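Trainee: quick one: sequence and predicted model below, then my questions.
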Amino acid sequence: VDRGFPRSPRGVVKIARALVALVTFLCFAASRSHGAYTALAVMEAVITALFLLLYALKLDRRMSWLFWPLADIFNSVVAALFLLVVCLFAVIVKTNNGTLAGGVFGLVLLVLCVVDAVLLSQKISLGPRGRNAPAK
């Protein structure tokens, strides 16, 4: 287990994403909100936890058949788009206080998704990786 990853900026953002997604789910579930709200929050919590485990256990290095950082960026961008639509709708409609709180936490989660995508995009470079590539 990589004990350094959870303390890295990317690890902290992943942990924060999982926790905020869990809080968002709890708000939506407690308020008996629409199923789409709770499903989105659960999916985000589970997928983020799986990526967290992937990086913490260094499985991304063992399973090199997929470029995991790019898949992670794709996940973050798609999640941010879904969260934008669903959580803005939850805040605007505000069926009850639980739905409003879930929508607000969902918007915080959206910001964390964008931060995660930016951190990941700074980490990867799509240039050549041969001997002539610049050293970093």
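Mentor: Great, that's in hand.
Trainee: what number of residues lie near L19?
Mentor: Here the number of neighbours of L19 (other C-beta atoms under 10 Å) works out to 15. For glycine as for every other residue, the C-beta is placed from the backbone atoms N, C-alpha and C.
Trainee: contacting residues around stretch 40-48?
Mentor: Residues outside stretch 40-48 that contact it (C-beta atoms under 8 Å, 6 or more residues apart in numbering) are 14, 17-18, 21-22, 24-25, 28, 75, 79, 82-83, 86, 102, 106, 109.
Trainee: where helices are concerned, which of those residues count?
Mentor: Among the contacts of stretch 40-48, the ones falling in helices (DSSP state H) are 14, 17-18, 21-22, 24-25, 28, 75, 79, 82-83, 86, 102, 106, 109.
Trainee: for the worst-scoring helix or strand of the chain on mean pLDDT, which positions count as buried?
Mentor: Least confident helix or strand of the chain, by mean pLDDT, DSSP states H and E, is helix 59-62 with a mean of 80. For helix 59-62, the neighbour count (16 or more other C-beta atoms under 10 Å) marks D60 as buried.
Trainee: equivalent analysis for stretch 107-124, please.
Mentor: By 16+ other C-beta under 10 Å, the buried positions in stretch 107-124 come out as 107-110, 112-117, 119-121.
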